[in-house]
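Build me a model from this:
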Amino acid sequence: MKILLIALDQTYNFAVPLLEDDGHEVRLLTKYQGVPLFLGEETGKDYVLEQITEFEPNLVINAIPSIVLPTSSDYTYLGNTSASARLETYKWETREKAAELGWNLPTVLEECDMTTMSTYDRTVYLKPKGLNPWNQAWQVPPNTTYNDQLPSGVPGFVEERVDYAVEAFCFFTVSNGSYAIIRTLGCSGYGHDKTMTSHSDWRVGRGDLTHFELTEAQLAAWLPKCTAWLDYIVTLGGNYEGTIGGLIDSDNEVYWLEQNSRPFNYHNESLPGTIQDWIDGLATDPTKSVNPNHYITV
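Residues are numbered from 1 along each chain as shown. Just a heads-up that it's a prediction; the model follows:
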């Protein structure tokens with residue numbers, strides 16, 4: 001089978017040799033003319049469509065939410081719908097939906113253009129409201145702004161920092177009208193957002209970063225929020241891997257951060273038993289995505 005993978009760099013790199021060992025012909029797309037595909041928007045999408053025409057794949061797996069491709073009778077397409085992609089790329093409307101579903105939200109300090117935020121005497125978080133090349137969130141240190149480094153004309157908002165005990169993640173797969181939770185994870189030292197001075201591979205050198213399992217009390221608070229969210233998003237369709245990010249405070253109150261409608265970079269530590277299980281999990285049965293060592297009972 002000819003398989004085309006579309007992703008951020010270091011997301012599906014692990015899959016190429018495994019798929020080739022199973023006899024597949026594989027092409028991985030992460031950049032166009034040296035620029036990451038997710039920054040290229042329409043240019044990146046045009047390039048991907050050209051590659052599909054040239055490569056003639058049997059299977060296309062797309063993990064870039066800012067590029068939503070049409071389905072086709074010529075190949076099987078596994079990726080986001082427009083609606084499920086917006087859960088990552090339109091943070092404001094996703095945030096409002098999370099509140100409807102019972103999540104606590106960080107306080108909004110102001111709504112602004114991404115180049116006109118105020119200066120604060122404490123760490124805050126700047127986020128765009130909608131799709132643009134800078135659709136990630138930024139951790140802004142005290143007495144700092146990025147007003148001279150971000151694009152103008154992009155609506156955004158500034159969130160207060162939550163005093164939290166642990167940052168929590170829920171890894172999941174949505175496919176074929178259902179979902180499975182792959183694993184949950186706690187983290188400290190993560191900061192949950194980039195700064196402008198971060199290394200381009202911003203996890204490198206973070207010696208204070210620690211992963212651990214959530215306590216029973218934390219998990220009891222975390223899972224109901226995640227399942228309420230997943231019960232909603234599965235109705236939006238798509239075949240994709242994703243991550244819910246949130247915060248748990250010392251009273252086990254849970255706060256919303258974001259959804260990524262794509263897998264984490266370097267996410268292969270949670271993969272199922274075989275690469276075929278991974279494909280089957282995305283294509284037909286999300287429970288096949290579950291690594292037995294990380295199984296979560298919901």
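
Can you give the contact residues for the helix or strand of the chain with the lowest mean pLDDT?
Among the helices and strands of the chain, helix 37-40 carries the lowest confidence by mean pLDDT, DSSP states H and E, at a mean of 74. With CB atoms under 8 Å, 6 or more residues apart in numbering as the contact definition, helix 37-40 has outside contacts at 6, 8, 29-32, 44, 47-48, 64-67, 133. For the C-beta atoms, the positions are set from N, CA and C on the backbone; glycine is no exception.

Which helix or strand contains residue 258?
Using DSSP states H and E, residue 258 falls within strand 254-260.

how far is that strand from where the chain is centred?
Here strand 254-260 shows a centroid-to-chain-centroid distance of 11 Å under the convention CA atoms, centre = their mean, to the nearest Å.

what distance separates the helix or strand following that strand from the middle of the whole chain?
Past strand 254-260, heading to the C-terminal end, the next element that is a helix or strand (DSSP H and E) is helix 275-283. Relative to the mean C-alpha coordinate of its chain, helix 275-283 is positioned 19 Å out (CA atoms, centre = their mean).

Could I get the buried residue list for helix 275-283?
Applying a neighbour-count criterion of 16 or more other CB atoms under 10 Å, the buried positions in helix 275-283 are 275, 277-283.

try stretch 64-72
Under the neighbour-count criterion of 16+ other CB under 10 Å, stretch 64-72 has 64-69 buried.

Let's see which of these end up in helices.
Among the buried residues of stretch 64-72, no member falls in helices (DSSP state H).

Got a ChimeraX select line for the buried ones in the contacts of helix 37-40?
Per 16+ other CB under 10 Å, the buried members of those correspond to this ChimeraX selection:
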select :6,8,29,30,32,44,47,48,64,65,66,67,133
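
got a pLDDT number for the closest residue to residue 275 other than its chain neighbours?
Beyond its immediate neighbours in the sequence, the residue positioned closest to residue 275 (CB to CB, 6 or more residues apart in numbering) is residue 18, lying 4.0 Å away. The confidence metric pLDDT takes the value 94 at residue 18.

mind listing the helices in the protein by residue range?
Ranges of helices within the chain are 15-21, 37-40, 42-55, 82-89, 91-100, 216-233, 275-283, based on DSSP H.

Please state the offset of the second one from the chain centre?
Once both centres are worked out by CA atoms, centre = their mean, helix 37-40 turns out to sit 15 Å from its chain's centre.
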